[in-house]
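> sequence unknown, structure follows:
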């Protein structure tokens, strides 16, 4: 995990090209390649903290990954303590019509992290959360 090491970009002759900052390697960015020099791309998306405008405890019964169902597995975890610690990753099948997790515990305030490492496209648009206030 590191920053994007390609510092220069040019669109030339119908191609998107980037230049590596130290090696001078010129690479093409395409919509049909899902690896970086033969290595899978580590895609991570992290939400802000969600509390539903209340400090009361809430139960998260289900998480649905919304997006194109293109295949592959993703992992979801969450933090209930301002990103200090995280739950164990749970796997969700992105090719499933219902790419979801159930029984996701309770919290007062929570952030979520979606991670995909693989040589396949990921088009996650949203995490749909089924949350109810505890009684």
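Happy to help now that I have it. Given the structure is predicted, the values throughout are model-derived calculations rather than measurements. Numbering: from 1, shown residues only.
> Quick one: residues contacting the nearest residue to residue 73 once chain neighbours are set aside.
Beyond its immediate neighbours in the sequence, the residue positioned closest to residue 73 (CB to CB, 6 or more residues apart in numbering) is residue 91, lying 5.4 Å away. Where you see a C-beta, it was placed from the backbone N, CA and C, and this is true even at glycine. Contact partners of residue 91, counting by CB atoms under 8 Å, 6 or more residues apart in numbering, are 73-75.
> can you give me the strands for the chain?
Listed in chain order, the strands of the chain (DSSP state E) span residues 6-12, 15-20, 26-29, 35-36, 39-46, 58-67, 73-79, 90-93, 100-102, 106-107, 111-118, 124-133.
> for the protein, what are the low-confidence residue spans?
Applying pLDDT under 70 to the predicted model, the residue ranges of the chain that meet it are 1-2.
> need the contacts of residue 91 in TSV with neighbour count and distance to residue 133, can you?
Formatted as TSV, those follow (neighbours: other CB atoms under 10 Å; distance: CB to CB, whole Å):
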residue	neighbour count	distance to residue 133
73	16	32
74	22	28
75	15	27
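> Residue 73 is in contact with residue 92, isn't it?
Yes - with contacts defined as CB atoms under 8 Å, residue 73 counts as touching residue 92 at a distance of 7.0 Å.
> So residue 107 sits against residue 60, correct?
Yes - contact status for residue 107 versus residue 60: in contact at 6.8 Å, counting by CB under 8 Å.
> Can you name the residues bridging to the residue nearest to residue 73?
On DSSP bridges, the residues paired with residue 91 through beta bridges are residue 75.
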